[in-house]
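I'd like to go over a predicted model; first the sequence, then the structure.
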Amino acid sequence: YASKLAASGYASKLAASGDASIAMSAGYESHASAGSNGVIALTYWDGSRPRVAVGYVGENGIKPNVSYRVVNGALVEV
């Protein structure tokens, strides 16, 4: 419950399955998932600078315990 974890490095993969968990990856081409009421944050390069895509589980179609990656600045299911 309420775990926080981070990963860095190209194509890293991580999961935080507890409720209200946070999964953050600072590596490009990474995948992440989080449990109910969790948060997913993944970095990407927009062509001129690094950015962070953030998804809140339960909002805007982000599902618990489903792995996501960034495509064109948006989180999409893997």
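In hand now; what should we look at? Numbers count the residues shown, from 1 in each chain.

mean confidence score for the helix or strand in which residue 44 is found?
Under the criterion of DSSP states H and E, residue 44 resides in strand 39-45. Mean per-residue pLDDT for strand 39-45: 93.

chain center to it: distance?
5 Å (C-alpha atoms, centre = their mean, to the nearest Å).

the next helix or strand after it: partners in the sheet, and parallel or antiparallel?
Going down the chain from strand 39-45, the next helix or strand is strand 50-56, by DSSP H and E. Strand 50-56 has the following sheet partners, assigned by DSSP bridges: strand 39-45 (antiparallel).

list the contacts of residue 65.
Applying C-beta atoms under 8 Å, 6 or more residues apart in numbering to residue 65 gives the contacts 15, 17, 33, 34, 35. For the C-beta atoms, the positions are set from N, CA and C on the backbone; glycine is no exception.

one more time with 10 Å
With contact taken as C-beta atoms under 10 Å, 6 or more residues apart in numbering, residue 65 is in contact with 15, 16, 17, 33, 34, 35, 36, 38, 57.

now for those residues, which sits with the most neighbours around it?
residue 34 (32 neighbours; other C-beta atoms under 10 Å).

my read: that one touches residue 57, true?
Yes. Between residue 34 and residue 57 there is a contact at 5.4 Å, judged by C-beta atoms under 10 Å.

burial count for residue 68?
Neighbours of residue 68 using other C-beta under 10 Å come to 23.

er, residue 22 I mean
17.

renumber starting at 197 from here on
From this message on, residue numbering opens at 197, which makes the last subject residue 218.

state the pLDDT value of it.
At residue 218, pLDDT is 81.

and the residue of the chain positioned farthest from its centre, how far is that from residue 272?
Here the chain reaches farthest from its C-alpha mean at residue 244, the gap being 21.1 Å by C-alpha atoms, centre = their mean. Per C-beta to C-beta, to the nearest Å, residue 244 is found 22 Å from residue 272.

and residue 209, what are its bridge partners?
The partner residues for residue 209, given DSSP bridges, come to residue 227.
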